[in-house]
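Trainee: missing the sequence, but the structure's below:
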């Protein structure tokens, strides 16, 4: 199943509104077929794996990271394909979170006499499917906040942009995340201060996430590098943004952040990497809309500077605890990750 | 040598102005004697170890965490004791940092035909001796700043004291540090806000460090728990502190922090644990007087609150990098430590 999850990961950032799925067909100790879902509209993972396995699928075991579908969508149902190929056993990591289909794929397989095992590496699978699960159950993207902070809690010096907080290793990791998430969000302050390109660099086969720029007051100059035809501009309902619309950008007009996230969900953006700065991050945090946090901690002390979060006062006992925390040394830095929301299940 | 360092650690916080030292006498694979220096005025580590070894010291190897002394102080020179006992070999972790004696103990041993090896676990030994080394070479204590911070860089909510940042495991670790450092420093703000006792709790054989209270303007009420006869009160030259002096406290009057640290050195305080708050820590950091940093990182997000450091603005490229960084998961928290100053050597 770990190999099936690695296969599935190849589709991350490319499959929305579909899930990333991987499939392995195993006969005895031999992998006779593997596949992943590359993109909505293209075949599902099971189809690629069964194609490769051919007749060797008969009597084999299929490992699938998500319950095989049982309904006719743009492609025929995968449960039927597995039955037709004669597989003897199907091992499933996680059930489909869609209440209209969940469990039906498994039932179809079992009705056909196939032995089905559920819940193998389920936690890893649901994490990998966080975006899909968020989109299908909440109608909005899974929001991952990322920032880099000194050991005295500063994300930037208070003045001009003057040097990076974290290391080259941390930046390379961020490029990997950008490649795997559907969209990347910044506020107008970050665009004005740094004019970031928000592209993926140094990743083999990498593709750029969709830039999402929050500019409520329409203060950004049209020449900013983040303002491209594929960009989604989020602005207030009455803000003038004709120049952006003329240049091909998608303009989302929303009263508040939940409304904006819903609109991004309607654009089939299943995951959003919040890259700052403190103003945007604080607004998302205050609204309870940050689902996951990934923080690089650089072992240095700055003194004065900007804090990552500046939301209204709350008591220490009201601090939001992260769940499933991981700690990983990364170059000179330390990467700490954790979840503020449970990953949507059924 | 690792066992000798563990022996030496038993004297930490008790030996100033002397160093913590441990000694093992080994014959073949058998430890025939061990000892540590418990306190200034009492015998050195070598003496305890040789006493236990008795005649079995003849031809044995002695492991000592600091170069044996060669001069007559309050006790006879240990180099002579090792020679008289007939040890064949002496393994030394680190040379004495005192320029007047460094190397002379080793020379005395070699002149007597003893085989001497130097530099075994030297880094660990010099770290253990940081206080002694600071006192003898700089005339001031080694300063260790400790704080606990949320993952968004807050050490406290901005209002009342309302809940702890870090876990029980982190607090237990701090108790161990308090037991091993000579003194513990707080500012008047912390005393007013929390009225801490600054004592050691839950450590077998623990002893309290000497409280050092920085109260420049003399604003503290006499009933504060940190104001005890053994307390050192640091205040400005013209501040009225007769009540404190009358109650037996040592009052240090200093113009600035370097002057205050020098006065603490004169009181044979070789190490100082800075326990906050942000005002005191920022003053020490701005003056370049923090030598070592130990930060607990709690995986939770607060929003608004106090930053550990609020010194004047500097550029990110001017941030002070920590050396010899360690990262350790501790209960739910992460402990990050590192050095801002090199440990004084010769």
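Mentor: In hand now; what should we look at? Since we're looking at a predicted model, the values are computed, not measured.

Trainee: could you chop chain A up by domain?
Mentor: In the domain annotation for chain A, the residue ranges read A:1-128, A:141-339 (the TED database).

Trainee: okay, how far is it across the shortest one, tip to tip?
Mentor: Right, domain A:1-128. With C-alpha to C-alpha, to the nearest Å as the measure, the first residue of domain A:1-128 is 13 Å from its last.

Trainee: what does the helix or strand of chain A with the lowest mean pLDDT rub up against?
Mentor: Per-element confidence for chain A was summarised using mean pLDDT, DSSP states H and E. The lowest value among helices and strands belongs to helix A:242-246, with a mean of 78. The set of residues external to helix A:242-246 that reach it, using C-beta atoms under 8 Å, 6 or more residues apart in numbering or on different chains, is A:222, A:227, A:231, A:233, A:251. (C-beta placed from N, C-alpha, C; glycine too.)

Trainee: run the last query once more with 7 Å
Mentor: For helix A:242-246, the external contacting residues (C-beta atoms under 7 Å, 6 or more residues apart in numbering or on different chains) are A:222, A:227, A:233, A:251.

Trainee: what's in contact with stretch A:6-21?
Mentor: Outside of stretch A:6-21, the residues within contact range by C-beta under 7 Å, 6+ apart are A:22, A:24, A:34-40, A:44-45, A:64-66, A:128-129, A:131-132, A:135, A:179-182, A:207, A:209, A:268-270.

Trainee: go with 6 Å
Mentor: A:22, A:34, A:36-40, A:45, A:65-66, A:129, A:132, A:135, A:180-182, A:268, A:270 (C-beta atoms under 6 Å, 6 or more residues apart in numbering or on different chains).

Trainee: swap in stretch A:167-187?
Mentor: Identification of contacts with stretch A:167-187 by C-beta under 6 Å, 6+ apart yields A:12-13, A:16, A:198, A:200-203, A:206, A:209-212, A:214, A:269-275, A:279-280, A:296, A:330-333.

Trainee: and for stretch A:190-205?
Mentor: Under the contact criterion C-beta under 6 Å, 6+ apart, stretch A:190-205 has outside partners A:161, A:175, A:178-179, A:184, A:206, A:208, A:211, A:220, A:224-226, A:276-277.

Trainee: check stretch A:55-66 too.
Mentor: A:1, A:4-5, A:8, A:19, A:21-27, A:32, A:50, A:82, A:85-94, A:125.

Trainee: separate out the buried members of those residues.
Mentor: Buried subset of the contacts of stretch A:55-66 (neighbour count, 16 or more other C-beta atoms under 10 Å in any protein chain shown): A:1, A:4-5, A:8, A:19, A:21-27, A:32, A:50, A:82, A:85, A:87, A:90-94, A:125.

Trainee: beta partners of residue A:150?
Mentor: The bridge-partner assignment for residue A:150, based on DSSP bridges, gives residue A:298.

Trainee: surely it meets residue A:303?
Mentor: No. The pair residue A:150 and residue A:303 fails to qualify as a contact (C-beta atoms under 6 Å) at a distance of 9.1 Å.

Trainee: looking at these two, which one has more neighbours?
Mentor: For residue A:150 versus residue A:303, the count of surrounding residues by other C-beta atoms under 10 Å in any protein chain shown is larger for residue A:150: 27 against 22.

Trainee: in chain A, what residue lies closest to chain B?
Mentor: Nearest to chain B in chain A, going by C-beta to the nearest C-beta, is residue A:153, at a distance of 1.8 Å.

Trainee: show me the contacts for residue A:329.
Mentor: Residue A:329 is in contact with residue B:327, counting by C-beta under 6 Å, 6+ apart.

Trainee: what's opposite it in the beta bridge?
Mentor: With DSSP bridges as the criterion, residue A:329 is bridged to residue A:334.

Trainee: end to end, how far does stretch A:42-60 reach?
Mentor: With C-alpha to C-alpha as the measure, the first residue of stretch A:42-60 is 24 Å from its last.

Trainee: not counting its neighbours along the chain, what's nearest residue A:256?
Mentor: Spatially, and ignoring its direct neighbours in sequence, residue A:256 is nearest to residue A:287 (7.5 Å; C-beta to C-beta, 6 or more residues apart in numbering or on different chains).

Trainee: ok, the one you found to residue A:270 distance?
Mentor: When C-beta to C-beta, to the nearest Å is the yardstick, residue A:287 and residue A:270 sit 19 Å from each other.

Trainee: likewise residue A:89?
Mentor: Residue A:89 sits 30 Å away from residue A:270, taking C-beta to C-beta as the criterion.

Trainee: would you mind listing what in the stretch 1-150 of chain A touches chain B?
Mentor: For the stretch 1-150 of chain A, the residues in contact with chain B (C-beta under 6 Å from any C-beta of the partner chain) are A:149, A:150.

Trainee: quick one, strands of the stretch 1-150 of chain A?
Mentor: Using DSSP state E, counting those that start in this stretch, the strands assigned to the stretch 1-150 of chain A run over residues A:22-27, A:30-36, A:61-64, A:89-92, A:115-118, A:142-150.

Trainee: what would those look like in CSV with mean pLDDT?
Mentor: Supplementary listing: those in CSV, determined by pLDDT from 0 to 100:
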stretch, mean pLDDT
strand A:22-27, 97
strand A:30-36, 96
strand A:61-64, 97
strand A:89-92, 97
strand A:115-118, 96
strand A:142-150, 97
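
Trainee: between these, which one is nearest to residue B:339?
Mentor: Using C-beta to C-beta as the criterion, the shortest distance between residue B:339 and those is 15.9 Å, found for strand A:142-150.

Trainee: list the contacts of the closest one.
Mentor: Defining contact as C-beta under 6 Å, 6+ apart, one finds that strand A:142-150 is touched by A:130-131, A:134, A:155, A:165-166, A:271-275, A:281, A:289-298, A:300, A:302, A:308, B:153, B:319.

Trainee: filter the residues you listed down to the buried ones.
Mentor: So, by 16+ other C-beta under 10 Å, the buried ones in these are A:130-131, A:134, A:155, A:165-166, A:271-275, A:281, A:289-298, A:300, A:302, A:308, B:153, B:319.

Trainee: for residue A:82, what are its contacts?
Mentor: By C-beta under 6 Å, 6+ apart, residue A:82 lies in contact with residue A:62.

Trainee: ok, now residue A:253?
Mentor: Residue A:253 makes contact with residue A:237 under the criterion C-beta under 6 Å, 6+ apart.

Trainee: that one pairs with what?
Mentor: Under DSSP bridges, the beta-bridge partners of residue A:253 are residue A:235.

Trainee: pLDDT value on it, please?
Mentor: The confidence metric pLDDT takes the value 94 at residue A:253.

Trainee: measure it to residue A:228 for me?
Mentor: In this structure, residue A:253 and residue A:228 are separated by 19 Å, where distance is defined by C-beta to C-beta.

Trainee: likewise for residue A:67?
Mentor: From residue A:67 to residue A:228 the distance is 37 Å (C-beta to C-beta).

Trainee: out of these two, which sits in the busier spot?
Mentor: The neighbour count for residue A:67 versus residue A:228, taken as other C-beta under 10 Å, is higher for residue A:67 (29 against 17).

Trainee: need the phi and psi values for residue A:168.
Mentor: For residue A:168, the backbone dihedrals are phi -60, psi -40 (criterion: degrees, to the nearest 10).

Trainee: might one say that residue A:279 is in contact with residue A:215?
Mentor: No. In this structure residue A:279 lies outside contact range of residue A:215 using C-beta under 6 Å: 11.6 Å.

Trainee: comparing those two, which residue is more hemmed in?
Mentor: Taking neighbours as other C-beta under 10 Å, residue A:279 and residue A:215 compare with residue A:215 leading, 24 against 15.

Trainee: tell me the contacts of the closest residue to the more buried one other than its chain neighbours?
Mentor: In space, not counting the residues next to it along the chain, residue A:215 is nearest to residue A:188; the distance is 4.2 Å by C-beta to C-beta, 6+ apart. By C-beta under 6 Å, 6+ apart, the contact set of residue A:188 is A:215, A:219, A:220.
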